[in-house]
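*Asks:* below is the sequence, then the predicted model.
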Amino acid sequence: MINHMGRLLFILLLAVPLTGVAAAPEKVLHLALSAAETGFDPVMTSDLNTASIEQQLFESLLTYDYLARPAKLVPRLAADMPTVTDHGRTWVFRLKHGVYFAPDPVFKGAKREVVAQDVIYTLMRFMDPKNRSPYKFLVEGKIIGLDELAAAARRSGHFDYDAKIPGLEALDRYTLRVRLKTTDYNFAHAMAQPMYGIVAREVIEAYAGDTASHPVGTGPYHLVRWVRSSRMVLERNPYFRHETWNFDPGNDPDSQHIAALMRGKTIPQIDRIDIQVIEEPQSAWLSFGKGELDMVGLAGQFAPLALQGDHLRSKYAARGIRLDRISDPSIAYYFINQQDPVLGGMSPEKIALRRAIFMAQNDEEMIRVIHKGQAVRNAYPIPAGVAGADPDYRSVLDYNPELANRLLDQTGYARGPDGYRRMPDGSPLAVRYTSSLSSQDRELDEMMKKALDRLSIRFESEKLKFPDMLRAERQCRVQIRLSAWIADYPDGDNFMQLWYGPHTHENNASCYQDPQWDRLYERTLTLPDSPQRNVLYHQLARMLELKGVTKVSTTHIRNVLSQPWVLGFKAHPILPSVWAYLDIDTARAPRE
Amino acid sequence: MPPNASPGLWTLAWRRLKRDRVGMISLAVVVAYLCMVFLAFGGWIAKDWTREVGVNYAPPVFLPDDQDPTAVALVKPVAQPDQVDLYGLQDPLARQLAQIRAHDPVGAQQPIVARRLTLPLGGDKWGHDVLTKVIKGSETSILVGLVAAILATALGTLMGALAGYFGRWVDDSFNWLYGVFTAIPYLLLIFAIAAVLQQKGVSTIILILGLTGWTGVFRLVRAEYLKHKSREYVLAAGAMGASHARRMFIHILPNTSHVILVQLSQNVVGFIKSEVILSFLGFGVPVDVVSWGSMLNEAQNELILGKWWQLAAAGTAMAILVTAFSLLTDALRDALDPKLKY
């Protein structure tokens, strides 16, 4: 605090005699995170909140264009888009010249430029067993020689960062060649993840063991204050290169309005970003109402307060508050464990049972009552805004309790004397639904109970803490659950891999192992985003429904509210944060 | 009864209680609630609380109509599976579906049950009647309160009797246990036991509350036994050859019954509140059971949306019962106090 006030005074003293008028007021953006950050070493990050800060501190080779929809890859630290040859197996990245890391004592006052070797070091770190990176799956098994290096490190306990591997070569100071084992058109998306922001080896080694609290990157901001799980202050990085705001708005009127306001301004415009951790949505909402927060993500339960239909209520619109409403690149989907002794199996009566359970789920009611209208029915595994999406896809598992009951009657699930159905062999039947302890999940339990009541099937509830639930899911111990997946990168593959047989015990929570499906999926891997691939995706999606593996239920809608003095904001489906592209109208903003 | 016989402890107590108007009114309220619980338990009232009779968040009848048009249920036509493109795949249930269709074409419209726009005390998010929920919820809450209180009081009395009567190492070990239980903050202790039991359900709540709530009873009963064990009537019983158990439970226990009875009713009040807290925090009753606590838990999110009726209904029902029970306890304490002789 003392430091901060002293600095401000210093600026004022300097500014007044020079210009004769008061200094331009500092532009500060006040934000809240909905959950605590986990530390700022990108290699160890897996949560959205931390990634949103790292997006500003570090820079990956590529990123997504701010205004282009659907999300489009553009260079960030790379000077231009990589050259891809050899059927997507060889990638050449050229770095921008004159990009410097933010100042840090490790550099002893010198300016440290980013070179190709830094990129190699950054990529290698993901495979270092010591780092236990949650996002190593984006490079694991892909780069020639890297997995062997990791295997050697597991044996020796020491990762050899000086090793030369054929997959990662610095052709000169600014050029990097990556060679992949197989065709992978999604490698560019991996290089656009905020976790793949470039770090400097001497920083990581100097702060070994405590890298999470010494983020040194090349981004537009650097971290100047950090009170763990409570407050983070970012200030503009003095060494950030000169970049001007020049995004193509296309035909969208909102984007054109933003572009008219922002074009030609230097990035970043905002001097300081003050971030608090506010876990309780109600507190964040009230702070925003008082003008203490400049932007807030609207939690579902408050939607009826702020919104009328798709629009902001007039009392907020009159204050100049703006609403940004986009469909999240995410799906919520029911899955049934295919290895479960009760529900699993491919005999017609087991398939009928699973499809009946899916058909008894009333998605419209869930959207209306639980999500307060802040979700849309989406039956396709690939949501809107992601390559391969199909908004016109029709499900065979839409809500139809009548047909579901007939199907159960037809396949021998007779009702017992207590009114509940039995298995065809007469043994008792109960469905165990797994959910977490949160109050929203209690509402989902009620939904499932109602659905099973419609079928006269006995409902059982299993309550687990979220991490335990994930563990049970990976061990194929969950019977049925409503799960959710949000895009890491905007390509359909990121969603379709959720049912790939070899991903059992990882992301394939339904433990679905079907050679026919797997072969079809493997064929999609060799294809770029194209109509041919979409044909295969439709078959894959339909097969999941016909065999009663999964029912894709809804896609959430993200509502972001911003104060009238926040300029240039447009919600981005993939980028975790876009703060560097914003400006603040200091004439309208409340004074500190 | 001969005219010169002196009235017994209970007759005197009842006479004193009858003179206490507040006590009698409280008694009437409590009895009325118990009747309600009895009727609900037997399935004579509020049996169909799970029926969705109203629209979502139907307001109470006495409120002016401010229904949000988005809240009214929409009925959408259901897609017919045979109209959907299978992308060249074979439906494994094709035969069954064909049979169903041949037998009786699906799509004969189910009669749509009209839902009421208002309900006596309003509706919850699914359109359940809040009035029926309050009645059904009282069954859970009061049963939990009563059974847990009886369990806690029985435990406390037994341990208190053993500790107070035998003294020495028996007393020391029970005191140690008492010390451990009271050293841990109450809610923390409840959560710890809830975490160990790892199960949700009414019986779990009863166990949790019963196993944590015995300490107050224990302390008072132990003190009573310490006082009574050296009284002449107990020594006389001992001299006549009465066993320890007989002295403890036949001779001393009736003389401490006023303490136990008051503790019991205090525990009922406390446990009804604790059940509400537990359910409010999500440790409570399972999804297919309603209690006042689960209603208040649901009300958390509703209140922000201006749907206050579920909170008001459950809160009022609980406030009336708890107040009546507390006043009754007070009246009982006065009535049973052996020092008040008239």
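*Replies:* Looks like it came in fine.
*Asks:* C-alpha only now, for contacts and for neighbours.
*Replies:* OK.
*Asks:* buried residues in the helix or strand harbouring residue A:222?
*Replies:* Applying DSSP states H and E as the criterion places residue A:222 in strand A:221-227. Residues A:221-223 are the ones in strand A:221-227 that count as buried (16 or more other CA atoms under 10 Å in any protein chain shown).
*Asks:* how about stretch B:226-238?
*Replies:* So stretch B:226-238, judged by 16+ other CA under 10 Å, has buried residues B:226, B:228-229, B:234.
*Asks:* for chain A, which residue gets nearest to chain B?
*Replies:* residue A:396 (5.2 Å; CA to the nearest CA).
*Asks:* about what we covered before: quick one: the buried residues of strand A:221-227 as a markdown table, columns for distance to chain B too.
*Replies:* Shown next, in a markdown table, are these (distance: CA to the nearest CA, whole Å):
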| residue | distance to chain B |
| --- | --- |
| A:221 | 37 |
| A:222 | 38 |
| A:223 | 36 |
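*Asks:* all strands for chain B, in order.
*Replies:* Counting by DSSP state E, one finds no strands in chain B.
*Asks:* tell me what the strand holding residue A:222 is packed against?
*Replies:* Contacts defined by 3 or more CA pairs under 8 Å, 6 or more residues apart in numbering or on different chains; DSSP states H and E place strand A:221-227 against helix A:48-57, strand A:231-236.
*Asks:* picking that back up, ok, the buried residues of stretch B:226-238 vs chain A, which is closest?
*Replies:* For those, the nearest to chain A is residue B:226 (46.2 Å; CA to the nearest CA).
*Asks:* which residue is the nearest non-sequential neighbour of that closest one?
*Replies:* In space, and not counting its chain neighbours, residue B:226 is closest to residue B:164: 4.8 Å by CA to CA, 6 or more residues apart in numbering or on different chains.
*Asks:* looks like that neighbour contacts residue B:223 (just checking).
*Replies:* Yes - here residue B:164 reaches residue B:223: they are 6.4 Å apart, a contact under CA atoms under 8 Å.
*Asks:* more neighbours: which of these two?
*Replies:* Taking neighbours as other CA atoms under 10 Å in any protein chain shown, residue B:164 and residue B:223 compare with residue B:164 leading, 26 against 16.
*Asks:* turn the buried residues of stretch B:226-238 into TSV, including distance to residue A:340 and pLDDT.
*Replies:* Shown next, in TSV, are the buried residues of stretch B:226-238 (distance: CA to CA, whole Å; pLDDT from 0 to 100):
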residue	distance to residue A:340	pLDDT
B:226	60	90
B:228	63	89
B:229	62	86
B:234	65	87
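*Asks:* of the helices and strands packed on strand A:221-227, flag the one that's most buried.
*Replies:* helix A:48-57 (a mean of 24; mean count of other CA atoms under 10 Å in any protein chain shown).
*Asks:* tilt between it and strand A:231-236?
*Replies:* Counting by axes from the mean of the first three to the mean of the last three CA atoms, to 10 degrees, helix A:48-57 points 20 degrees away from the direction of strand A:231-236.
*Asks:* now helix A:48-57: average pLDDT?
*Replies:* Taken as a whole, helix A:48-57 has a mean pLDDT of 92.
*Asks:* repeat that for stretch B:275-291.
*Replies:* Per-residue pLDDT values over stretch B:275-291 give a mean of 77.
*Asks:* for stretch B:61-78, same thing?
*Replies:* Averaged across stretch B:61-78, the pLDDT comes to 56.
*Asks:* go on, stretch A:495-511?
*Replies:* Rounded mean pLDDT across stretch A:495-511 is 88.
*Asks:* residues of it that come out buried?
*Replies:* A:495-501, A:503-511.
*Asks:* equivalent analysis for stretch A:303-312, please.
*Replies:* Using 16+ other CA under 10 Å as the test for burial, stretch A:303-312 gives A:303-304, A:306-307, A:312.
*Asks:* equivalent analysis for stretch A:84-93, please.
*Replies:* A:84, A:88-93.
*Asks:* including secondary structure, distance to residue B:151 and pLDDT, could those residues go into JSON lines?
*Replies:* Shown next, in JSON lines, are the buried residues of stretch A:84-93 (DSSP: H, G, I helix; E, B strand; the rest coil; distance: CA to CA, whole Å; pLDDT from 0 to 100):
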{"residue": "A:84", "secondary structure": "strand", "distance to residue B:151": "74", "pLDDT": "92"}
{"residue": "A:88", "secondary structure": "coil", "distance to residue B:151": "71", "pLDDT": "85"}
{"residue": "A:89", "secondary structure": "coil", "distance to residue B:151": "71", "pLDDT": "91"}
{"residue": "A:90", "secondary structure": "strand", "distance to residue B:151": "73", "pLDDT": "94"}
{"residue": "A:91", "secondary structure": "strand", "distance to residue B:151": "72", "pLDDT": "95"}
{"residue": "A:92", "secondary structure": "strand", "distance to residue B:151": "74", "pLDDT": "96"}
{"residue": "A:93", "secondary structure": "strand", "distance to residue B:151": "73", "pLDDT": "96"}
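*Asks:* let me see the domain layout of chain A.
*Replies:* Following automatic domain parsing, chain A resolves into domains at A:40-212, A:330-556.
*Asks:* ends of the last one, what's the gap?
*Replies:* Yep, that's domain A:330-556 we're talking about. Separation of the first and last residues of domain A:330-556 by CA to CA, to the nearest Å is 7 Å.
*Asks:* and if you look at stretch A:310-322?
*Replies:* Distance across stretch A:310-322, first residue to last, is 12 Å (CA to CA).
*Asks:* do stretch A:295-305 as well
*Replies:* Distance between the two ends of stretch A:295-305: 16 Å, counting by CA to CA.
*Asks:* give me the contact list for that stretch.
*Replies:* A:30-32, A:281, A:284-285, A:288, A:313, A:371-372, A:374, A:558-563, B:301, B:304-305 (CA atoms under 8 Å, 6 or more residues apart in numbering or on different chains).
*Asks:* nearest residue to residue 269 other than its sequence neighbours?
*Replies:* Reading this off chain A. residue A:583 (5.4 Å).
*Asks:* switch to chain B, that's the one I care about
*Replies:* Spatial nearest neighbour of residue B:269, chain neighbours left out: residue B:322 (5.6 Å); criterion: CA to CA, 6+ apart.
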